[in-house]
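**Student:** Task: produce atomic coordinates for the following.
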Amino acid sequence: MAALQASSLTISSSSSSGCYPKRTITASIQLPKPTKLSLADQSAAVTKKLVEELRTRNGYALAEPLEMDVSQKDRVLEPRLSPNSSVKTMNKLYAILEAVEDRVEMHDNIGEQRDNWNTLMLNSVNMMTLTATTTAAMAAAAPAPSLRACSALLFTAASGMSLVMSKIQPSQLAEEQRNASRLFKQLRSEIKSKLVLQSPTDSDVKEMMEKVLALDRAYPLPLLGAMLEKFPTKFEPATWWRRVSNNRRQSQVQKTIADTERNGWSEDLEVEMRAITQVLKSKDKEDYLRLGNLALKLNKMLAVSAPLLTGIATASSAFGGSTAMMVAAIAGALAAIINSFEHGGQVGMVVEMYRNCAGFFELMENTIEATLEERDYSKRENGEMFEMKVAMKLGRSLSQLRDLARKSMASCIEGTEIDEFGSKLF
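**Tutor:** Have a look, this model is predicted:
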């Protein structure tokens, strides 16, 4: 549309009464020439206008115009990692997790195997001992060289196997593997929690490696050269955790307390945890050390008695004579009884159970003390969560845990001994 023209506009009117002169009005209207816009230009203009409106909306202007990089439209979102975390760190932690999974399987299999050892070797030793005892009794009633020879051979084999069982304690070995499997499963859950809920760092990788190696040292798999001493001179708790050096603890003590945030901790909670530690040290741990010493002494006596009696029976059956064969029969019967009580009753397993329980209470004591010595509250575990974990590990509710702490403090003030154990589980 170039122009709009009204060239002649004629207004005429006539009436019946007469003729009026004609008046002609000519007008010309010129509109401005519009610019020619393409569809793309129109879209760009509209978009620019919208951007300007958004920038000035609600009384503030955006620092930068809204832009979108078209090249990033197909970008795949990656999981967010903390500044201290990386894909390499995640891969390392996954590698440790795989090793822990493998160790759980190994300890399960070897524990089952050593439990079978205890059953099969006990049955074999008792069968040989009882057969040799019967043969010796028959030879005492009716002397015969063949009976004496069979009795001597069976007593010799039974003495050797009884000596091996007393040395390695298969029931105790099986209990060690059960404990190791349980602790490696706990470590596996801890690693999975770090992978799912947190962003692991290099320090987490180092910590997990130290825990794995500490468990390997505490519960070795091989028998020759690495087997734990079954009859130590002093009964001590099991230790399967990494030790914190004194230098590190001193550096933690020297840190200042943050007054702004206590991370769920209070002075009352710290006093409560110290009171709980005192109960665990004076009651639970002390009691399991006492029971463990008694069980260890009993196991030593039984482990020496059974091979000694079968050895006496072997020597008596070799000398011959009715009196010697009667001594061999009596010694063989006593050896069978002692073997059944020692390995059938799994006294070695009881010793290991007491050792592990004492280690559990020592670990709780060390954990509470290390937490309280950390002066930087941001590096501590949340106080309420820590209290709940302690209560659950001791088989108590929060109110029962606080009652125990009050009893402990009252006994310290009055100078009396508390009449209650810390744990209600075992």
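
**Student:** which SS class is Pro143?
**Tutor:** Put simply, Pro143 is coil when judged by DSSP: H, G, I helix; E, B strand; the rest coil.

**Student:** Not counting residues beside it along the chain, what's closest to it?
**Tutor:** Residue nearest to Pro143 in three dimensions, not counting chain neighbours: Ser322, with 6.6 Å by Cβ to Cβ, 6 or more residues apart in numbering. C-beta coordinates here come from the backbone N, C-alpha and C atoms, glycine included.

**Student:** Return the mean pLDDT over the helix or strand that contains Asn109, rounded to an integer.
**Tutor:** Asn109 belongs to helix 87-141 when assigned by DSSP states H and E. Looking at helix 87-141 alone, the average pLDDT works out to 92.

**Student:** And the helices in the chain?
**Tutor:** Under the criterion DSSP state H, the chain carries helices at the ranges 39-55, 87-141, 145-168, 170-197, 202-218, 246-253, 267-279, 285-319, 322-339, 347-373, 383-393, 398-414.

**Student:** for those helices, which one sits closest to Pro237?
**Tutor:** helix 347-373 (3.7 Å; Cβ to Cβ).

**Student:** Identify each buried residue in that closest one, please.
**Tutor:** 347-365, 367-368, 371-372 (16 or more other Cβ atoms under 10 Å).

**Student:** Please give the centre-to-centre distance between that helix and its chain.
**Tutor:** Remark: helix 347-373 is offset 15 Å from the chain centroid, using Cα atoms, centre = their mean, to the nearest Å.

**Student:** before we move on, the earlier item: distance to Phe235 added to the helices of the chain, as JSON lines?
**Tutor:** As requested, the helices of the chain are arranged in JSON lines below (distance: least, Cβ to Cβ, whole Å):
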{"stretch": "helix 39-55", "distance to Phe235": "77"}
{"stretch": "helix 87-141", "distance to Phe235": "22"}
{"stretch": "helix 145-168", "distance to Phe235": "18"}
{"stretch": "helix 170-197", "distance to Phe235": "13"}
{"stretch": "helix 202-218", "distance to Phe235": "16"}
{"stretch": "helix 246-253", "distance to Phe235": "25"}
{"stretch": "helix 267-279", "distance to Phe235": "21"}
{"stretch": "helix 285-319", "distance to Phe235": "5"}
{"stretch": "helix 322-339", "distance to Phe235": "22"}
{"stretch": "helix 347-373", "distance to Phe235": "7"}
{"stretch": "helix 383-393", "distance to Phe235": "23"}
{"stretch": "helix 398-414", "distance to Phe235": "26"}
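
**Student:** Compare the mean pLDDT across these and name the weakest.
**Tutor:** Taking the mean pLDDT of the helices of the chain, helix 246-253 comes last: a mean of 45.

**Student:** what is the orientation angle of the helix holding Asn109 with helix 202-218?
**Tutor:** With axes from the mean of the first three to the mean of the last three Cα atoms, to 10 degrees defining the directions, helix 87-141 sits at 10 degrees from helix 202-218.

**Student:** What helices and strands are in contact with helix 87-141?
**Tutor:** helix 145-168, helix 170-197, helix 202-218, helix 285-319, helix 322-339 (3 or more Cβ pairs under 8 Å, 6 or more residues apart in numbering; DSSP states H and E).

**Student:** 10 Å instead?
**Tutor:** Helices and strands touching helix 87-141, by 3 or more Cβ pairs under 10 Å, 6 or more residues apart in numbering; DSSP states H and E, are helix 145-168, helix 170-197, helix 202-218, helix 285-319, helix 322-339, helix 347-373.

**Student:** separation between Gln177 and Leu228?
**Tutor:** Counting by Cβ to Cβ, to the nearest Å, the separation of Gln177 from Leu228 is 12 Å.

**Student:** Between these two, tell me which one has more neighbours.
**Tutor:** Gln177 (21 against 17; other Cβ atoms under 10 Å).

**Student:** For that one, which non-adjacent residue is closest in space?
**Tutor:** Gly111 (3.1 Å).

**Student:** got it, and Ala139?
**Tutor:** Leu147 (3.8 Å).

**Student:** I'd like to know how many residues surround that neighbour.
**Tutor:** Leu147 has 20 nearby residues by other Cβ under 10 Å.

**Student:** is it true that it touches Thr133?
**Tutor:** No: with contact defined as Cβ atoms under 10 Å, Leu147 does not reach Thr133; the gap is 11.9 Å.

**Student:** about what we covered before: any residues in contact with both of Gln177 and Leu228?
**Tutor:** Contact with both Gln177 and Leu228 is made by residues Tyr219, according to Cβ atoms under 10 Å, 6 or more residues apart in numbering.

**Student:** how many neighbours does the closest residue in space to Cys357 that isn't next to it in sequence have?
**Tutor:** Using Cβ to Cβ, 6+ apart and skipping the chain neighbours, the partner closest in space to Cys357 is Tyr288 (4.7 Å). Neighbour count of Tyr288, defined by other Cβ under 10 Å: 24.

**Student:** same question, Ser189
**Tutor:** 11.

**Student:** Roughly how far does the residue nearest to Ala139 sit from Thr135?
**Tutor:** With Cβ to Cβ as the criterion, Leu147 and Thr135 are 5 Å apart.

**Student:** and for those two, which residues touch both?
**Tutor:** Common neighbours of Leu147 and Thr135 (Cβ under 10 Å, 6+ apart) are 317, 325.

**Student:** need the contact list for Ser151.
**Tutor:** 131-140, 313-314, 316-318, 325, 328-329, 332.

**Student:** Check Glu381 too.
**Tutor:** 263-265, 367, 371, 374, 387, 389.

**Student:** can you rerun that using 7 Å?
**Tutor:** Going by Cβ atoms under 7 Å, 6 or more residues apart in numbering, Glu381 touches Thr371.
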